[in-house]
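Enquirer: Here's a sequence, model it:
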Amino acid sequence: MSPTGCPGCACVGNAPAHALVAALARDDLDRALDLGLLDTTGCPTCSAACTATLVGYRDERRAALAARERFRARQARLARRAAEKAARMPSSATERSIAAARPALPAAAADVLARALARAKAPRP
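Expert: You can find the predicted model right below:
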């Protein structure tokens, strides 16, 4: 690669970072990623502002990729939990009918509740 001027600060050097700055100036993120945007530290001869801009783009892209990965992990976790919940639920009609046929309260508890309700509804003198 021959020495070329940086499109960000016009320094002259032989740095791959200059191609990155040019790709970002054209809003060609795919090209910048291909050129190593995620691993760049910038050009040693570029101005501090130019290097800070390039490193800022790098950090933003890393944060976006990390957020995407967290989102995908969350979606997978939610899908796994939903599948586990579905597996715990009764799957056949027979199991559901057996569960529905069971009394909600034991007979003795139902009798006590019925007596209490009758006393509550009885007119008071």
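Enquirer: residue ranges of the strands in this protein, please?
Expert: Defined through DSSP state E, the strands belonging to the chain, from first to last, are 4-5, 12-13.
Enquirer: least reliable of those going by mean pLDDT?
Expert: Here the strands of the chain differ in mean pLDDT, and the lowest is strand 4-5 at a mean of 70.
Enquirer: Check which helices and strands the longest helix along the chain sits against.
Expert: Scanning the chain for the longest helix, with DSSP state H as the assignment, gives helix 48-88. Contacts of helix 48-88 with other secondary structure elements, assessed using 3 or more Cβ pairs under 8 Å, 6 or more residues apart in numbering; DSSP states H and E, are made with helix 16-25, helix 29-34. The C-beta positions use only the backbone N, C-alpha and C, and glycine is treated the same way.
Enquirer: Tell me which of these sits most buried.
Expert: Relative to the other members of those, helix 16-25 carries the highest mean neighbour count by mean count of other Cβ atoms under 10 Å, namely a mean of 20.
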